[in-house]
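Asker: Sequence isn't available, so here's the structure alone:
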């Protein structure tokens, strides 16, 4: 970055600051010379104005002259002495100090062309350095796209341009942000820009404090999302080139062929299935890590359907929805259960939105597990399944978030032990004869003893359900009319092993 401070530090130029120290960090983009009193009318900002002051003999014009230059954004003023002035007048220096406009003295032996050449050479060197950095950043972004997906591309772009970057999906929800979370005020400005013309290829919004650049990510007439870049300075040519490269990579990721998409989804499916079975090797963790948040955490959601066909239909819906939201579709179907991995920092609202989607394919209950390290995803799945058993159709249960006793490890262990011991006769009978007394008992208890509701949930006649409960009473030697007995059995069924 070429600043006034840098220019004054060039000893060979022998420049001496006389006023305006507060503006030493102003950026320079060129150096010009002019003897016009209204030079400000011909300048656009960022310049070092060099003058001999031949027309500045009247002290009454000094303050207005400097103020007009400061108003248009001139970075600094250099007064060449030995012509109109032997030194910079104190009154002129005081005016520059008040404005915060750097005013320096150029000694007679130093030609203005030497200052101009120094500024231009430094800008060229910096531009060359930026281009070299860009040639290194582009392959890093490409590798990031291949190994880490959209979130990794956003991180690499933010690092390369030195500004805050956010990726939004077509619904303007945040997919990824780097190097930090985008402030809500900036995010709202970006959404306002996009709201005016969502199909626009790009837009720029500038204030005294920040510059926002927003670009569309798409192919043809299809919009996949938008990329926002926010910083104190406008993007230069090199930064815009890097933004363009990132947009291309993100568009390619979203527009990949259907066959590749299916293969990737199946890879995620297999990796999750292997992790649930307890085999979390480095390769599995690397694949599942694509779904993790910045802290490397994930959380599982389990959707339970009445039949496997509904679960299969919902799997396709969930995969499409996650893809639409720029999320890795880490989804696995286990018979009538659908297991989904979300980011560890995802709120319950994310899972609730997916539940709304899957309910259109068939009524489902849902449970969400706690955030865990990727290597402990099986534990999050286990707790999500436990929560799911506590949910009614169309309901999402978060045992940890609701501070349920079922989320307490010692309680779960005690219930699990009681489940195996107390319900053994029913479980053994189901296993030996292919009956479903356990599921009937759970339906009856969850319906709070309402025969009609419980029978409908099981798809049987009331008399059939009554007969089943009588058999359960005989096997367990209990009275299901007793409220405490029903409560204990329900807790065992919810907290025990499915």
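Answerer: Now that the structure is in, tell me what you want to look at. Because the structure is a prediction, the values reported are computed rather than measured.
Asker: which residues does residue 362 contact?
Answerer: Residues in contact with residue 362, defined by Cβ atoms under 8 Å, 6 or more residues apart in numbering, are 305-307, 309-311, 313-314. Heads up, the C-betas are built off the backbone N, CA and C, glycines and all.
Asker: ok, it to residue 316 distance?
Answerer: 13 Å (Cβ to Cβ, to the nearest Å).
Asker: Okay, now the unreliable bits of the stretch 101-250 of the chain?
Answerer: 197-201 (pLDDT under 70).
Asker: Rounded mean pLDDT for the helix or strand hosting residue 463, please.
Answerer: Taking DSSP states H and E as the criterion, residue 463 maps to helix 462-476. Mean pLDDT, computed over helix 462-476, is 92.
Asker: Pull out the buried residues from that helix.
Answerer: Residues 465, 468-469, 471-472, 475-476 are the ones in helix 462-476 that count as buried (16 or more other Cβ atoms under 10 Å).
Asker: swap in stretch 423-431?
Answerer: By neighbour count on 16+ other Cβ under 10 Å, the buried set for stretch 423-431 is 423, 426-427, 429-430.
Asker: The stretch 1-150 of the chain: helices as residue ranges?
Answerer: Remark: helices assigned in the stretch 1-150 of the chain by DSSP state H, counting those that start in this stretch are 4-8, 62-71, 90-99, 112-161.
Asker: buried stuff in the shortest one?
Answerer: Right, helix 4-8. Buried-residue list, helix 4-8, by 16+ other Cβ under 10 Å: 4-8.
Asker: Ok, the third one next?
Answerer: Taking 16+ other Cβ under 10 Å as the neighbour-count basis, helix 90-99 is seen to contain the buried residues 92-93, 95-97, 99.
Asker: quick one: which of those residues is nearest to residue 84?
Answerer: residue 92 (11.2 Å; Cβ to Cβ).
Asker: so what's the closest one closest to, chain neighbours aside?
Answerer: In space, and not counting its chain neighbours, residue 92 is closest to residue 62: 4.7 Å by Cβ to Cβ, 6 or more residues apart in numbering.
Asker: wait, residue 82 sits on residue 111?
Answerer: No. Using Cβ atoms under 8 Å, residue 82 makes no contact with residue 111, being 11.8 Å away.
Asker: mind putting the buried residues of helix 462-476 in TSV, distance to residue 182 included?
Answerer: Putting the buried residues of helix 462-476 into TSV (distance: Cβ to Cβ, whole Å) gives the following:
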residue	distance to residue 182
465	54
468	56
469	56
471	60
472	56
475	59
476	57
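Asker: Would you point out which residue is most central in this structure?
Answerer: residue 176 (2.0 Å; Cα atoms, centre = their mean).
Asker: Of the contacts of residue 362, just say which sits nearest to residue 27.
Answerer: residue 314 (55.1 Å).
Asker: Does that closest one touch residue 338 like I think?
Answerer: Yes. The criterion here is Cβ under 8 Å, and residue 314 meets it with residue 338 at 5.6 Å.
Asker: what's the overlap in contacts for these two?
Answerer: 303, 305, 358, 364.
Asker: Name the residues linked to the first one by a beta bridge.
Answerer: Looking back up the chat, that one is residue 303. Counting by DSSP bridges, residue 303 forms beta bridges with residue 338, residue 366.
Asker: Next, count neighbours for it.
Answerer: The local packing of residue 303 (other Cβ atoms under 10 Å) involves 32 other residues.
Asker: which ones are touching it?
Answerer: Counting by Cβ under 8 Å, 6+ apart, residue 303 touches 311, 314, 318, 337-338, 340, 354-355, 358, 364-366, 388.
Asker: Tell me the buried residues within these.
Answerer: 311, 314, 318, 337-338, 340, 354-355, 358, 364-366, 388.
Asker: which one of the residues you listed is nearest residue 58?
Answerer: Lowest distance from residue 58 to the buried ones among the contacts of residue 303 (Cβ to Cβ) belongs to residue 354, with 74.7 Å.
Asker: that older thread, need the buried ones among the contacts of residue 303 in a markdown table with distance to residue 222 and pLDDT, can you?
Answerer: Formatted as a markdown table, these follow (distance: Cβ to Cβ, whole Å; pLDDT from 0 to 100):
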| residue | distance to residue 222 | pLDDT |
| --- | --- | --- |
| 311 | 30 | 89 |
| 314 | 25 | 89 |
| 318 | 21 | 90 |
| 337 | 33 | 91 |
| 338 | 28 | 93 |
| 340 | 25 | 95 |
| 354 | 23 | 90 |
| 355 | 27 | 90 |
| 358 | 25 | 85 |
| 364 | 30 | 88 |
| 365 | 35 | 88 |
| 366 | 31 | 91 |
| 388 | 36 | 86 |
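Asker: Distance to residue 281 for these - can I get that in TSV?
Answerer: Formatted as TSV, these follow (distance: Cβ to Cβ, whole Å):
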residue	distance to residue 281
311	27
314	29
318	26
337	24
338	24
340	22
354	28
355	32
358	30
364	31
365	32
366	29
388	27
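Asker: Closest one of those residues to residue 275?
Answerer: For the buried ones among the contacts of residue 303, the minimum distance to residue 275 (Cβ to Cβ) is 13.3 Å, reached by residue 340.
Asker: Distance check, that closest one against residue 79.
Answerer: 69 Å.
Asker: next one: residue 175
Answerer: Relative to residue 79, and taking Cβ to Cβ, residue 175 is found at 53 Å.
Asker: Who has more neighbours out of those two?
Answerer: Neighbour count, other Cβ under 10 Å: between residue 175 and residue 79, residue 79 has more, with 24 against 19.
Asker: contacting residues around that one?
Answerer: 18, 51-53, 85, 88, 92, 103-106.
Asker: Just flag the most distant two among the residues you listed.
Answerer: Maximum distance among the contacts of residue 79 (Cβ to Cβ): 15.1 Å, for 18 and 52.
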